[in-house]
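Undergrad: Structure for the following, please:
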Amino acid sequence: MPFENTGHVQATTAGSLPRTPELIAANAARPVGADGFTLETTDEVRQLTSAAVDDVVARQTALGITQPGDGEFGKAMSNGVDYGAWWGYSFQRVSGLSLTEENVFTQEPVRSSPGNVQLTSFPDRRDWTIFRDAYTDPESGIGTGKNATAFPTTTGPITYTGHDAARTDAANLTHAVAAAGADNGFITALSPGSAARVANEYYATDEEHIWAWADALREEYRIILDAGLVLQIDDPSIAENWDQINPEPSLEDYRAFTRIRVEALNHALRGLDTSRVRFHLCWGSWHGPHTTDIELRHIVDLMLDIDAGAYSFEAANARHEHEWTVWQDVTLPDGKVIVPGVVGHATNVVEHPDLVAQRIERFASVVGRERVIAGTDCGLGGRIHPHIAAAKLESLGEGARRASAKLF
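TA: Numbers count the residues shown, from 1 in each chain. Sure thing, here's the model as predicted:
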């Protein structure tokens, strides 16, 4: 079992890690396809990516990360536009999308009503409107993504076309894990609910759109699991959507809205080896106030309804660290583990290993030492400087060792 601690606390990341300047430059130079966002693959990028994955896995392992990832190095930005590789890579692995000319920051707000929950435009998100002066001030330090103004729209049937790319990701990580002497490794893949947050002009309903993505992404899930790796499902939509609904919905309406996304993901996972699946929930990784984040206690049961062996979530940042107490009131199902973030992505301050150990010990005191894997809140790539990211991973590995010395 990849998720049980035996003799020590395992440590992992949440996905994205800083890329080398060479890999960034090579990806930026890739030819753009006729659709305006798909990038053509080159031999140079293949070779650089393979070598970079070997290197990043070796570095993680040396720092005490026992379940390393590929840093999402195989997930390229689209045409130099930073949608976030965790999301934007999916645009290049399905058919049925067309690039829209509409700027997402000038779209009209969308109003929800009781029983009719809809996501609004980016500038109309409630946290953004409350702190509009800060969000529009380039000196405020708030990060909301780079250059991402135009997004694809679903204009035809969503069909998975990324088989070769997914197999390459799996082969790169399998090689790197073996070379580093690690026990296993993980690859991230997008959830149907998060993927379907592109505009839809083809399917009759939003629900049909989500289920189409579920059927497509299932192909990617299967490839990762068939390679013997751990599959991490990235799904900020479960929590982050709350902020993107205006006005604030009732909890009942939001939970019904979210339930559709949970059911679609379980549909995509049906029949697969979910003992090697971990689900990652976050409240959106932008560096902002997050005052309108939904509380974990309101959605934790929905998260646990997802058919996965492990559940990863933010627990280190100042908005959610206090929520470790939720697990005092929630029964973690048998055979499941949690992967709380004990190192943050939204601050340049490097957590002391003793603080990391204390955070691990808190969760272990509630769910048991065998059922806590130490993680990061979200991916570190593109959010903090590479040198700081390395220092955070070092602190994560050392904190896990210190916690292990007390717990085992």
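
Undergrad: quick one, what contacts the closest residue to residue 75 other than its chain neighbours?
TA: Once its chain neighbours are removed from consideration, residue 75 has its nearest residue in residue 89; the separation is 3.5 Å (Cβ to Cβ, 6 or more residues apart in numbering). To be clear about C-beta, it is placed using only N, CA and C from the backbone, and glycine gets the same treatment. Remark: with contacts taken as Cβ atoms under 8 Å, 6 or more residues apart in numbering, residue 89 is in contact with 72, 74-76, 190.

Undergrad: Mind checking which of those residues are in strands?
TA: Secondary structure assignment (DSSP state E) places residue 190 from these within strands.

Undergrad: nearest to residue 41, of the contacts of residue 89?
TA: Nearest to residue 41 among the contacts of residue 89 is residue 76, at 8.9 Å by Cβ to Cβ.

Undergrad: Could you tell me how far that closest one is located from residue 180?
TA: 23 Å (Cβ to Cβ, to the nearest Å).

Undergrad: SS state for the closest residue to residue 370 other than its chain neighbours?
TA: The spatial neighbour of residue 370 that comes closest, neighbours along the chain excluded (Cβ to Cβ, 6+ apart), is residue 5 at 4.8 Å. In the three-state summary, residue 5 is assigned as coil, counting by DSSP: H, G, I helix; E, B strand; the rest coil.

Undergrad: Does residue 5 touch residue 374 like I think?
TA: No. Using Cβ atoms under 8 Å as the test, residue 5 is too far from residue 374 to be in contact (9.7 Å).

Undergrad: For these two, indicate the residue with more neighbours.
TA: Neighbour count, other Cβ atoms under 10 Å: between residue 5 and residue 374, residue 374 has more, with 32 against 21.

Undergrad: sorry, back to before: need the contacts of residue 89 in CSV with distance to residue 162 and pLDDT, can you?
TA: Converted to CSV, these look like this (distance: Cβ to Cβ, whole Å; pLDDT from 0 to 100):
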residue, distance to residue 162, pLDDT
72, 14, 95
74, 10, 93
75, 10, 91
76, 12, 77
190, 11, 97
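
Undergrad: Output the longest strand belonging to the protein.
TA: If you go by DSSP E, the chain has its longest strand at strand 152-160.

Undergrad: At which residues are the strands of this structure located?
TA: Applying DSSP E to the chain gives strands spanning 94-99, 152-160, 186-190, 199-200, 230-234, 277-281, 310-313, 337-343, 375-376.

Undergrad: so what's residue 320 closest to, chain neighbours aside?
TA: Here the nearest residue to residue 320 in space, its sequence neighbours aside, is residue 314; by Cβ to Cβ, 6+ apart that works out to 5.0 Å.

Undergrad: what's the answer for residue 172, then?
TA: Of all residues not flanking residue 172 in the chain, residue 53 sits nearest, at 4.3 Å (Cβ to Cβ, 6+ apart).

Undergrad: okay, now that neighbour: neighbour count?
TA: Residue 53 has 29 neighbours, counted by other Cβ under 10 Å.

Undergrad: what pLDDT does it get?
TA: For residue 53, the model assigns a pLDDT of 98.

Undergrad: show me what contacts it?
TA: Contacts for residue 53 were tallied using Cβ under 8 Å, 6+ apart; they are 70-71, 73-74, 172-173, 175-176.

Undergrad: Of these, which qualify as buried by neighbour count?
TA: Neighbour-count burial (16 or more other Cβ atoms under 10 Å) applied to those gives 70-71, 73-74, 172-173, 176.

Undergrad: Looking at the residues you listed, which is nearest residue 289?
TA: Distances from residue 289 to the buried ones among the contacts of residue 53, taken by Cβ to Cβ, are shortest for residue 71, at 28.3 Å.

Undergrad: who does the longest strand of the chain pair up with?
TA: Sheet neighbours of strand 152-160, with direction, are listed as strand 94-99 (antiparallel), strand 199-200 (parallel) (DSSP bridges).

Undergrad: Name the residues of the first one that are buried.
TA: Taking 16+ other Cβ under 10 Å as the basis for neighbour counts, the residues of strand 94-99 that come out buried are 94, 96-99.

Undergrad: any idea which of the residues you listed is least confident?
TA: Least confident of the buried residues of strand 94-99 in the model: residue 99, at 82.

Undergrad: Please tell me how far that residue sits from residue 112.
TA: Remark: distance between residue 99 and residue 112 (Cβ to Cβ) = 27 Å.

Undergrad: cool, and residue 196?
TA: Look at residue 196 and residue 112: by Cβ to Cβ, they are 17 Å apart.

Undergrad: Looking at these two, which is more packed in?
TA: The neighbour count for residue 196 versus residue 112, taken as other Cβ under 10 Å, is higher for residue 196 (27 against 19).

Undergrad: burial of the nearest residue in space to that one that is not next to it in sequence, as a residue count?
TA: Using Cβ to Cβ, 6+ apart and skipping residues adjacent in sequence, the residue nearest residue 196 is residue 210, 4.4 Å away. Summarising burial for residue 210: neighbours were counted as other Cβ under 10 Å, giving 26.

Undergrad: Could you check the pLDDT of residue 210?
TA: Residue 210 carries a pLDDT score of 98 in this model.

Undergrad: do you know how far it is from residue 193?
TA: Distance from residue 210 to residue 193, counting by Cβ to Cβ: 6 Å.

Undergrad: which intervals of the protein have sub-threshold pLDDT?
TA: Residue ranges of the chain with pLDDT under 70: 1, 77-84, 101-106, 143-150.

Undergrad: Report the contact partners of the residue nearest the centre of it.
TA: By Cα atoms, centre = their mean, the chain has its centre lying nearest to residue 234, at 3.6 Å. The contact partners of residue 234, by Cβ under 8 Å, 6+ apart, come to 15, 86-87, 188-191, 194, 280.

Undergrad: got it, and residue 117?
TA: 245, 249, 253-254, 256-257.

Undergrad: mind listing which of those residues are in helices?
TA: Filtering the contacts of residue 117 for membership in helices, criterion DSSP state H, returns 253-254, 256-257.

Undergrad: who touches residue 9 in this structure?
TA: With contacts defined as Cβ under 8 Å, 6+ apart, residue 9 is in contact with 360, 364, 369, 372-374, 400, 403-404, 407-408.

Undergrad: Recalculate using a threshold of 10 Å.
TA: Taking Cβ atoms under 10 Å, 6 or more residues apart in numbering as the contact definition, residue 9 lies against 64, 66, 342, 357, 360-361, 363-364, 369-370, 372-374, 399-408.
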